[in-house]
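>>> Below: sequence and its predicted model.
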Amino acid sequence: MTSTTESRSVLAGMAIALLAFAAFSLHDALIKSIQQLPVFQIAFFVVLFSFVPFSVMLAVDKRERSLRPQNPGLVSLRCLFGLGSMLCGFYAFTNLQLSEAYSLIFSAPIIITLLAIPILGEKIHLIRWIAIILGMVGVIIVLRPGNADLSLGHLAGVAAAFSIACASIVTRKIGASEHSTTLVLYPMLTNVIICGIATLFVYQPVAGQTLLKLSAVGILSAVGQMLMVTAYRSTEAQFIAPMQYSQMLWALLYSTLVFNETVDGIVLAGSAIIVLSGLLFIWRELTASIIKPVLRTRNLRMPSGPQANPVESDRGGSGDDIGNDAGVKLD
């Protein structure tokens, strides 16, 4: 009976995660469709609209909590990396095919693992070196240096992956001492303030239809995050993390049916290798029973969870099985 219940819980968690990543993919497709506005302005409105459901969640939750960061310097650094990942990610989405943008952003686990060597002192064994090499080969195939024109969009995709990786490393160092709400609130405030100031200098009039899209993106961001939290509460992170690669299928669907783009076979090949690399990372983490590698079946949409282990989780215990970051992501 217990086994059946656990199986149902796993399937439910995976299904909810698939819904979350479907919401994130629609979020990214809407961002891509808003190409007439500066990226600072897009980011400002998206985060501003995200504040609405976030504020409602805070109002409903009556638990007392301190919003003062325990590590203000590192929290500030994480906020800046979060801002960089969002701006660069949005720019990549608006200037590249979704499959290309995802391929470059999904290279973040490679960078996280490499940064973990000097910063966190982690040792990288054979399987993860193979995953790193595979991922780098996939990125090179997607970029095709010398055979295709590299644009600022490609550079932005790589920069987004690097920013996500740096934010993840910082989160690993502070996640055990910071409340999950702090990890969400301060990146959002940073995004609103900095992007709001930048928007004053680049502001373009917003049509009603575009404003609806921006509000939808903000709502989808919050919905995706809530679904991810529910998924992590339903089952273990190891069953959730692989679901993020379903976004590649959504990317192909949107590219073909919505944006009338012909997806390059070489990009598809490189994307497949990058996805294989990511799955290899996840498999290695599941078999690393002695040490806890920095990735911890990382979900790139929620870099503070599930491995960050915030000091107070959303259900009062250890936060190790819950993802709850709305700040360092591309939403």
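Yep, that arrived.
>>> Give me the distance between residue 248 and residue 85.
For residue 248, the distance to residue 85 equals 19 Å [CB to CB, to the nearest Å]. Backbone N, C-alpha and C define where each C-beta goes, glycine included.
>>> my bad, residue 109
Taking CB to CB, one finds residue 109 at 14 Å from residue 85.
>>> With residue 171 instead?
Residue 171 is 12 Å from residue 85, by CB to CB.
>>> for residue 7, what are its contacts?
Counting by CB atoms under 8 Å, 6 or more residues apart in numbering, residue 7 makes contact with nothing.
>>> does it sit in a helix or strand, and which one?
Residue 7 belongs to helix 2-33 when elements are defined using DSSP states H and E.
>>> ok so, going back, which one of residue 248 and residue 85 is surrounded by more residues?
When residue 248 and residue 85 are compared for neighbours, residue 85 comes out ahead with 29 against 20, by other CB atoms under 10 Å.
>>> Settle this for me: that one is touching residue 170, isn't it.
No. Counting by CB atoms under 8 Å, residue 85 stays clear of residue 170, with 11.8 Å between them.
>>> quick revisit: would you mark the buried spots in the helix holding residue 7?
Neighbour counts over helix 2-33 (16 or more other CB atoms under 10 Å) mark 10, 13-14, 16-33 as buried.
>>> again, but for stretch 255-271
Buried-residue list, stretch 255-271, by 16+ other CB under 10 Å: 255, 261, 263-264, 267-268, 270-271.
>>> Kindly export the helix-or-strand element of the chain with minimal mean pLDDT (C-alpha atoms) in PDB.
Lowest on mean pLDDT, DSSP states H and E among the helices and strands of the chain sits helix 237-240, with a mean of 74. What follows is helix 237-240, C-alpha atoms only, in PDB (Å, rounded to 0.1, in the frame of the first residue of the first chain):
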ATOM      1  CA  ALA A 237      13.800  16.600  -6.100                       C
ATOM      2  CA  GLN A 238      15.400  13.800  -8.200                       C
ATOM      3  CA  PHE A 239      12.100  13.200  -9.900                       C
ATOM      4  CA  ILE A 240      11.400  16.900 -10.600                       C
END
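>>> what packs against it?
helix 2-33, helix 208-234, helix 265-287 (3 or more CB pairs under 8 Å, 6 or more residues apart in numbering; DSSP states H and E).
>>> Which secondary structure elements does the last one sit against?
Meaning helix 265-287. Partner elements for helix 265-287 (3+ CB pairs under 8 Å, 6+ apart): helix 98-105, helix 108-120, helix 126-143, helix 237-240.
>>> which one of those lies closest to residue 206?
Ranking the helices and strands packed on helix 265-287 by their distance to residue 206 (criterion: CB to CB) puts helix 98-105 first, at 23.0 Å.
>>> So for whichever strand or helix holds residue 198, what gets flagged as buried?
According to DSSP H and E, residue 198 maps onto helix 180-202. Within helix 180-202, the residues that count as buried by 16+ other CB under 10 Å are 180-188, 190-192, 194-196, 198-199.
>>> Repeat that for stretch 41-58.
Buried positions in stretch 41-58, judged by neighbour count with 16+ other CB under 10 Å: 41-51, 53-54, 57-58.
>>> Among those residues, which one lies nearest to residue 105?
When the buried residues of stretch 41-58 are ranked by distance to residue 105 (CB to CB), residue 43 comes first, at 15.7 Å.
>>> Contact partners for the closest one?
Per CB under 8 Å, 6+ apart, neighbours of residue 43: 86-87, 90, 191, 195.
>>> Can you pick out the most distant pair from those?
Maximum pairwise distance among the contacts of residue 43 (CB to CB): 11.0 Å, between 90 and 191.
>>> Just the buried positions in the helix or strand hosting residue 83, please.
Counting by DSSP H and E, the element that carries residue 83 is helix 72-95. Residues 74-75, 77-95 are the ones in helix 72-95 that count as buried (16+ other CB under 10 Å).
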